[in-house]
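**Student:** Okay, structure incoming, though there's no sequence with it:
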């Protein structure tokens with residue numbers, strides 16, 4: 001693959017790959033590392049991308065690298081650094097924190113569906129799981145988010161920072 005074609009793919013899909021990795025791993029630095037690794041694999045020239053399927057391959061590769069990283073000994077035995085992301089709206093902050101508190105397999109389907117716009121069949125292809133597994137994970141993730149966000153609302157209402165009208 002030529003440098004110009006690789007650069008074009010990075011410009012088009014680099015942010016998408018990074019966001020998926022970040023949603024999986026919960027760390028900006030780890031997300032950047034995975035993004036870099038995906039494009040390095042592509043630069044090695046051992047991969048032939050089918051026209052129109054570039055984004056799917058890139059996201060699948062990113063998801064696989066994230067899964068490997070989550071299984072690694074180092075990752076399981078090292079604490080995470082706290083990253084703060086500024087939000088002007090308290091509701092946006094609560095949604096972000098709720099999504100990031102989900103286990104990685106649930107975070108991934110939520111990210112791919114709501115941020116990347118994939119349908120459930122495409123998510124199954126990217127993550128190498130069945131459509132039924134995608135539906136199950138989405139239902140569980142939504143239930144966890146509903147519970148987390150309703151708990152946050154109740155806390156806000158009781159500690160005096162929310163309105164009780």
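**Tutor:** Alright, I've got the coordinates. Note that the structure is a prediction, hence the values are computed from the model and not measured.
**Student:** Now the residue positioned nearest the centre of the chain: closest residue in space that isn't a chain neighbour?
**Tutor:** Per C-alpha atoms, centre = their mean, the C-alpha nearest to the average position across the chain is that of residue 23, at 2.7 Å. Excluding the flanking residues, the one nearest residue 23 by C-beta to C-beta, 6 or more residues apart in numbering is residue 111, at 3.8 Å. C-betas here are computed from N, CA, C, even on glycine.
**Student:** what's the weakest-modelled helix or strand in this structure?
**Tutor:** When the helices and strands of the chain are scored by mean pLDDT, DSSP states H and E, helix 73-76 comes last with a mean of 55.
**Student:** tell me what the very next helix or strand once past that helix is packed against?
**Tutor:** Per DSSP states H and E, the first helix or strand lying C-terminal to helix 73-76 is helix 90-101. Of the remaining helices and strands, those touching helix 90-101 by 3 or more C-beta pairs under 8 Å, 6 or more residues apart in numbering; DSSP states H and E are helix 104-110, helix 131-158.
**Student:** Which strand or helix spans the residue nearest to the centre of the chain?
**Tutor:** helix 3-25.
**Student:** tell me what that helix is packed against?
**Tutor:** helix 28-43, helix 54-71, helix 104-110.
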